[in-house]
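[1] Predicted structure and sequence below. I'll ask about it afterward.
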Number of protein chains: 2
Amino acid sequence: MLKTPYLLFLGDAPDQLAAKVAQGIKDWRPQFCLGQLRLEGCRADLGLPEMSVEQARAAGAQTLVVGAANRGGVISPAWLDTLVAAARAGMDIASGLHNRLSHLPALVEAAEKAGTKLFDVRVPQNDFPIADGKRRTGKRCLAVGTDCSIGKMYTALAMEREMLARGMKATFRATGQTGILITGSGIPLDAVVADFMAGAVEWLTPDNDPDHWDVIEGQGSLFHPSFSGVTLALIHGGQPDALVLCHEPTRTHMRGLPHYALPSLEALRDLALATARIVNPEVRVTGISVNTAALSQEEARRYLEEIEARMGLPAVDPFRDGAGRLVDAL
Amino acid sequence: MLKTPYLLFLGDAPDQLAAKVAQGIKDWRPQFCLGQLRLEGCRADLGLPEMSVEQARAAGAQTLVVGAANRGGVISPAWLDTLVAAARAGMDIASGLHNRLSHLPALVEAAEKAGTKLFDVRVPQNDFPIADGKRRTGKRCLAVGTDCSIGKMYTALAMEREMLARGMKATFRATGQTGILITGSGIPLDAVVADFMAGAVEWLTPDNDPDHWDVIEGQGSLFHPSFSGVTLALIHGGQPDALVLCHEPTRTHMRGLPHYALPSLEALRDLALATARIVNPEVRVTGISVNTAALSQEEARRYLEEIEARMGLPAVDPFRDGAGRLVDAL
């Protein structure tokens, strides 16, 4: 969907965290990153070559990606001149922020004149069919979580990287705006109309070589009442052969819902299998991915050992340990 | 949402089945039905007074409801003059068909001039919040099915009627276009954007008297891969206290999916409870509603007895037997 290479636009990001989308692109797709463009006051730095719009264009940049968010997660008025200049210079512009590029008249006009495109990756770019549930060729792995925002995207990206390093055929399939910006394609599943959710996932993960793995980014959680329907559509549209359970051991309640406790890994395993078997009776839970950032090295080691003994499955923190054992288990 | 009473427009419906939406309104909300308007060639008849637009308006009709579908489920060009005349005469127009009233320029112009409204009930009429999962006051009953189109709406409407006849506080909550046209309000859940599905259901079934029952129209099935996400959002947004299982015993495969068998009632019970307990640990399956239209009276009786013994729950066909025993069980 997005043309590469990118110029990563960091705007006036007040700190490194505000540029986490750009950081994700640089971490997971360094080959897409030509340089960074920072405005006055920017306190984020990816260590990429600093480029103006003109320099980036001369170096071959095809798309300016808005890789930072200001407070509120919207496109800042202070960024407009740069975005317009990039469109005029012949670059597409891509953003995952809440307000839309296509709602900025000056930018729309510049892009139309230059024949460049504006990609609001929160907005579905296609019409999707109703799912037909037919079995597809190729293999699929899906990360499911005890909660939202628990490391499902990171786990899937780490598994894809490990699989490619081993010479396996693998494709990360993005289902959210950050994943789409990182990899340049995908579907913003939470913005798809209800009837077409599962069909969108089928569309995203079509027939493939028998030894090819789609590593599908998870969304929400079967146990999160706000978003569970999205998760089930992902399970039924994705037809996973392998499920990886994702967990964060120090979280005291479901994200945004102080009145809901997290389910156990056993409960997640059982409900994920019960639902996934409807579309793929052969599905198995193959591993557990734990975000142990809040634990010490020693606490993390003991926690993972305990989980591994209890569940009878490889349990790793892919950030600390890599995703090798999760891939071994496939 | 829709103003009553209605003039039911049957168009040139080729047979009675083509007017099933109008029939549903007449069956379930006879007090809303002032008369019927039929064009030349119409072979459907509800037995209501025949009225022209002028006569209906003079009698107080507030909304013309398109109660028929031609082949393809779209608004027929042959209907346009009548719809325009109704709008000019001061009536709102409501339709649940695929093409939109609001895409017919002549009708839009007439409605604007007359200050009347066009309701495409397949299109959500509100912005909905993200679900917060908080427990609400009042009681809720949800019909869930082994498949789509298996009698969930009929079951819920029959239960509401029985409850009201007993002097109980009850409200049918429509979640699809036919239910919306029948009752005049509701949400077309399958047309809501994924992130807001469960929030829309919470919005539809707000806090209420402790002894009030929302009887919520089900959609899809947890076991139907095309629409299961919608069903789960309905379960998690609806927070049911009572689940009624709906089934059709002669169906050989899931609707539209020849490669999927129907689940057993036991499988439906187990998965519906496992998911519903996440938002309401007290939820119970209270009864079974079977559409026995394809069975003889005697076959139906034996089938229901067998199910009842096997599942330990009241099992009725509300069309043959009424919904009394389903309401007793609440």
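    Noted; the coordinates are in hand.
[2] The residue nearest to residue A:72 when sequence neighbours are not counted: what secondary structure?
    Counting by C-beta to C-beta, 6 or more residues apart in numbering or on different chains, residue A:72 lies nearest to residue A:98, which is 7.5 Å off, once chain neighbours are set aside. C-betas here are computed from N, CA, C, even on glycine. Judged by DSSP: H, G, I helix; E, B strand; the rest coil, the three-state class of residue A:98 is coil.
[3] What of residue A:64?
    Under three-state DSSP, residue A:64 falls in the strand class.
[4] can I assume it is in contact with residue A:88?
    No. With contacts counted by C-beta atoms under 8 Å, residue A:64 stays clear of residue A:88, the gap being 11.3 Å.
[5] between these two, which one's more packed in?
    Neighbour count, other C-beta atoms under 10 Å in any protein chain shown: between residue A:64 and residue A:88, residue A:64 has more, with 26 against 17.
[6] Could you give the bridge partners of the more buried one?
    Beta-bridge partners recorded for residue A:64 (DSSP bridges): residue A:7, residue A:93.
[7] roughly how far apart are it and chain B?
    27 Å (C-beta to the nearest C-beta, to the nearest Å).
[8] Report the contact partners of that residue.
    Applying C-beta atoms under 8 Å, 6 or more residues apart in numbering or on different chains to residue A:64 gives the contacts A:6-7, A:9, A:37, A:53, A:56, A:83, A:86, A:91-94.
[9] Spit out the contact partners of the residue nearest to residue A:72.
    With contact set as C-beta under 8 Å, 6+ apart, residue A:98 has these partners: A:72-74, A:122.
[10] Please pick the buried ones from those.
    residue A:122 (16 or more other C-beta atoms under 10 Å in any protein chain shown).
[11] In strands, which of the contacts of residue A:98 appear?
    Among those, DSSP state E puts none in strands.
[12] Low-confidence ranges, the stretch 51-200 of chain A, go.
    Counting by pLDDT under 70, not a single residue of the stretch 51-200 of chain A qualifies.
[13] which parts of it sit against chain B?
    Proximity of the stretch 51-200 of chain A to chain B is confined to A:130-135, A:189-195, A:197-199 under the rule C-beta under 8 Å from any C-beta of the partner chain.
[14] if you set the cut-off to 10 Å instead, what comes out?
    A:124, A:129-135, A:188-200 (C-beta under 10 Å from any C-beta of the partner chain).
[15] Just the buried residues of those residues.
    A:124, A:130-131, A:133, A:188-200.
[16] Show only the entries of these found in strands.
    Per DSSP E, those never map to strands.
[17] Now intersect those with the helices, please.
    Using DSSP state H, the members of these that fall within helices are A:197-200.
[18] Turn those into TSV, including distance to residue A:273.
    Listed next are those as TSV, based on distance: C-beta to C-beta, whole Å:
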residue	distance to residue A:273
A:197	21
A:198	18
A:199	23
A:200	23
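[19] how many neighbours does residue A:310 have?
    The number of residues packed near residue A:310 is 13, by other C-beta under 10 Å.
[20] what sits against it?
    By C-beta atoms under 10 Å, 6 or more residues apart in numbering or on different chains, the contact list for residue A:310 reads A:264-266, A:288.
[21] Can stretch A:213-221 be said to contact chain B?
    Yes. Using C-beta under 10 Å from any C-beta, stretch A:213-221 reaches chain B at A:219-221.
[22] ok so, going back, quick one: which of the contacts of residue A:98 is nearest chain B?
    Using C-beta to the nearest C-beta, residue A:122 comes nearest to chain B of the contacts of residue A:98, at 10.2 Å.
[23] looking at it, that closest one is touching residue A:192, isn't it?
    No. With contact defined as C-beta atoms under 10 Å, residue A:122 and residue A:192 do not form a contacting pair (11.0 Å).
[24] still on that earlier bit, touching both of residue A:64 and residue A:88, which residues are there?
    In the contact map built from C-beta under 10 Å, 6+ apart, the residues linked to both residue A:64 and residue A:88 are A:53, A:57, A:116.
[25] nearest to residue A:181, of the residues you listed?
    Set against residue A:181, the nearest of the shared contacts of residue A:64 and residue A:88 by C-beta to C-beta is residue A:116 (17.1 Å).
[26] What ranges does the stretch 51-200 of chain A have for its strands?
    Using DSSP state E, counting those that start in this stretch, the strands of the stretch 51-200 of chain A run over A:63-66, A:92-95, A:118-120, A:139-145, A:169-173.
[27] OK, contacts around the spatially closest residue to residue A:200 that is not a sequence neighbour?
    In space, and not counting its chain neighbours, residue A:200 is closest to residue A:128: 4.0 Å by C-beta to C-beta, 6+ apart. Residue A:128 makes contact with A:187, A:189, A:192-193, A:195-204, A:237 under the criterion C-beta under 10 Å, 6+ apart.
[28] So, low pLDDT: which residues of the stretch 201-330 of chain A?
    Scanning the stretch 201-330 of chain A for pLDDT under 70 picks out nothing.
[29] of all the residues in it, which ones are close to chain B?
    Residues of the stretch 201-330 of chain A lying close to chain B (C-beta under 10 Å from any C-beta) are A:201-202, A:219-237, A:239, A:254, A:256-260, A:263, A:267, A:270-271, A:274-275, A:278-279.
[30] In helices only, show me these.
    In this view, these that belong to helices under DSSP H are A:201-202, A:228-237, A:267, A:270-271, A:274-275.
[31] Would you mind checking those residues for buried ones?
    Buried by 16+ other C-beta under 10 Å: A:201-202, A:228-237, A:271, A:274-275, out of those.
[32] looking at it, residue A:324 is touching residue A:318, isn't it?
    Yes. Using C-beta under 10 Å, residue A:324 is in contact with residue A:318, at 8.9 Å.
[33] list residues touching both of those two?
    Common neighbours of residue A:324 and residue A:318, using C-beta under 10 Å, 6+ apart, are A:158-159, A:162.
[34] First-to-last residue distance for stretch A:127-141?
    The straight-line separation of the ends of stretch A:127-141 (C-alpha to C-alpha, to the nearest Å) is 24 Å.
[35] starting at the chain centroid, how far to it?
    20 Å (C-alpha atoms, centre = their mean, to the nearest Å).
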